[in-house]
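Undergrad: Below are the sequence and a predicted model for it; my questions follow.
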Amino acid sequence: MVDLAPRTSVPDPTGPGFIAVLNGPNLNLLGQREPEIYGRDTLADIEQLCADTASTFGLDVRCAQSNHEGVLLDAVHDWRTAAVGFVVNAGAFTHTSVALRDALATTTGPLMEVHISNVHAREPFRHHSYLSDIAAGVIVGCGIQGYRFAIERLVAISPLAPREA
Ligand code: DQA
């Protein structure tokens, strides 16, 4: 039986602002999956890195990973107006999903697209992204550090980010 329950939670409107971090299919296998391409860090390491980075700006994170397109759409719908911004590594859905693109086009905060590997140095089918032209920025080939860079950039550009008084 496939568990379609999203690994998401609806944000507390009284809590700190948050960055939404979405990871798509097969990224739950990081650490075991093609380590020569993706390295040895795990999804848990990425989510911890994101939490640590966001906390330096007084922000929380909400993280979701799914192998199911609709579950990722539901996470975007849950968080689309509340998140300071979205960090999205949609995995293979990057190259296939108009539906995920359409959902991410509705978010209030900006989107940063992240890929661990340099997709442009790989197979031609990885060169096209349905997300890049609606993203504020795209980070590829920086390993899991790319997620940190993406959060730093969101804090710099999002109208919903906390600002010094
Ligand atoms: C990826 C690149 C995609 O082409 C691939 O399908 C992935 C991972 C990356 O992080 O490098 O699953 O998004």
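TA: Received, thanks. Values in this document were obtained by computation on a predicted structure and should not be read as measured data. Residues are numbered from 1 along each chain as shown.
Undergrad: show me the contacts for Glu69.
TA: Glu69 sits next to Phe93, Ser97, Ala99, Leu100 when contact means C-beta atoms under 8 Å, 6 or more residues apart in numbering. Every residue, glycine included, has its C-beta placed from N, CA and C.
Undergrad: Quick check, the last one in contact with Ala92.
TA: No. Leu100 is not in contact with Ala92 according to C-beta atoms under 8 Å; the separation is 10.9 Å.
Undergrad: Can you get me a residue count around Val98?
TA: Using other C-beta atoms under 10 Å, Val98 has 9 other residues around it.
Undergrad: tell me which element the closest residue to it other than its chain neighbours is part of?
TA: Sequence neighbours aside, Tyr130 is the residue nearest to Val98 in space, at 6.0 Å (criterion: C-beta to C-beta, 6 or more residues apart in numbering). Of the helices and strands defined by DSSP states H and E, none includes Tyr130.
Undergrad: Next: Gly146.
TA: helix 145-157.
Undergrad: I figured Phe18 hits Val84, correct?
TA: Yes. Here Phe18 lies in contact with Val84, judged by C-beta under 8 Å, at a distance of 6.4 Å.
Undergrad: who touches both of the two?
TA: Leu59.
Undergrad: out of these two, which sits in the more crowded spot?
TA: Comparing Phe18 with Val84 by other C-beta under 10 Å, the one with more neighbours is Val84, at 26 against 21.
Undergrad: ok, now which ones touch the more buried one?
TA: By C-beta under 8 Å, 6+ apart, the neighbours of Val84 are Gly17, Phe18, Ile19, Leu59, Gly109, Leu154, Val155, Ser158, Leu160, Ala161.
Undergrad: any idea how far it lies from the ligand?
TA: 22 Å (C-beta to the nearest ligand atom, to the nearest Å).
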